[in-house]
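Student: Structure for the following, please:
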Amino acid sequence: MSDPYLLAVSLLSTGPVSAPPPPIPQNPLENLLTIFAANDAGLSEAAETENIIPTVESLDPEFSEFSTLESSFPTPASGSQLYQQRLAALNRGTLYTRLSPSSFQSLWEKASDRPTHQHWKQLLQKEALALAQGQGNNRLNVLVGDSLSLWFPSQLLPKGKFWLNQGISGENSPQVLQRIQAFEQTRPETIYVMVGINDLRQGASDETILSNIRQIVQKLRASHPQAEVIVQSILPTRLASIPSDRIRRLNREIIFIAKQEGASYLNLHRLFVDADGLLRQELTTDGLHLNRKGYQVWQTGLKLAESWLALSRD
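Tutor: Numbers count the residues shown, from 1 in each chain. Sure thing, here's the model as predicted:
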């Protein structure tokens, strides 16, 4: 197990928020240092207390339509299609993250019935159980979160391990907390968590969000003591209802939660933010969700994390 705080890094310790994000160095080692070097300077800003009045956005369930990720392969472009593809893979005794993006196309391309939140929970639980029974000596990573995690293209996930995707669209942190026991029988090497953006859209307070994130980390650490739990930063958005400085403050607090709970923190925020503190326009479909370029940036962060963890375990 690595020293968890060595993986923590604060965007705010690197310079003013108004400055453009630094280019990713070409040298892989420099990449690792850029993303993962711990720096206590400036972290005391997390102690700032500023009253923020949460705004509430009217949300419809996000279980259905989603923009295509511009893949060169025919891939599911709606929640209905993705659900049917994953169900077909499960019924064939395999995991959809191990298949080509167009697998079972004849079974999902005309899918129109919208799966409910309960349908998704049941599917993810069945996938986790099937994997637990057949994992053997295979190494496993888990993605936990909302629609951002759900729509991570399986072909962009770092190679060499099984990946279990436990993301559900529209979920907030209490919903994620309630269902993470679904994969408690698996033996993951690393668990990547990203939650919080839907809480912000739904008007949750910072205290509630941070409390739930802490409980998620505690529960995962207790259920999977052998695993590295990595809390990923809340990504920036282009939504006027979510102030960018609020996301930065939350991320500073998440760093401390990760340190206190024996987890790690991956600062993806700095890879996605523009000079104005917003989600880079070229990486998003709607100011919140990611396009393929956005997921490629996330892929870069995961690859760096995997490389760093491999070095720390040697």
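
Student: Export only the CA atoms of the host helix or strand of Q81, formatted as PDB.
Tutor: Assigned by DSSP states H and E, Q81 belongs to helix 79-91. Output in PDB follows, covering the C-alpha atoms of helix 79-91 (Å, rounded to 0.1, in the frame of the first residue of the first chain):
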ATOM      1  CA  GLY A  79     -28.800   4.800 -21.400                       C
ATOM      2  CA  SER A  80     -31.200   2.300 -22.900                       C
ATOM      3  CA  GLN A  81     -28.700   1.100 -25.400                       C
ATOM      4  CA  LEU A  82     -25.800   0.900 -22.800                       C
ATOM      5  CA  TYR A  83     -28.000  -1.000 -20.400                       C
ATOM      6  CA  GLN A  84     -29.000  -3.500 -23.000                       C
ATOM      7  CA  GLN A  85     -25.400  -4.000 -24.100                       C
ATOM      8  CA  ARG A  86     -24.300  -4.600 -20.500                       C
ATOM      9  CA  LEU A  87     -27.200  -6.900 -19.800                       C
ATOM     10  CA  ALA A  88     -26.400  -8.900 -22.900                       C
ATOM     11  CA  ALA A  89     -22.700  -9.200 -21.900                       C
ATOM     12  CA  LEU A  90     -23.700 -10.400 -18.400                       C
ATOM     13  CA  ASN A  91     -26.100 -13.000 -19.800                       C
END
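
Student: Name the residues of that helix that come out as buried.
Tutor: For helix 79-91, the neighbour count (16 or more other CB atoms under 10 Å) marks G79, S80, Q81, L82, Y83, Q84, Q85, R86, L87, A88, A89, L90 as buried. Every residue, glycine included, has its C-beta placed from N, CA and C.

Student: Could you identify the helix or strand that succeeds that helix?
Tutor: Per DSSP H and E, the first helix or strand lying C-terminal to helix 79-91 is helix 105-108.

Student: So which elements touch that following helix?
Tutor: helix 79-91 (3 or more CB pairs under 8 Å, 6 or more residues apart in numbering; DSSP states H and E).

Student: ok, and what's touching the helix it packs on?
Tutor: Residues from elsewhere that reach helix 79-91 (CB atoms under 8 Å, 6 or more residues apart in numbering): 62-66, 76, 95-96, 99, 103-104, 107-109, 111-115, 119-120, 123, 126-127, 130, 150-151, 169.

Student: I'd like to know which of those are buried.
Tutor: Among these, the ones that count as buried by 16+ other CB under 10 Å are 62-64, 66, 76, 95-96, 99, 103-104, 107-108, 111, 115, 119-120, 123, 127, 130, 150-151, 169.

Student: which stretches of the stretch 51-200 of the chain aren't confidently modelled?
Tutor: Confidence mapping of the stretch 51-200 of the chain against pLDDT under 70 gives the ranges 51-72.

Student: how about the strands of it, start to end?
Tutor: For the stretch 51-200 of the chain, strands defined by DSSP state E, counting those that start in this stretch occupy the ranges 140-145, 162-167, 190-194.

Student: Identify the residue spatially nearest to A128, adjacent ones excluded.
Tutor: Residue nearest to A128 in three dimensions, not counting chain neighbours: F183, with 3.7 Å by CB to CB, 6 or more residues apart in numbering.
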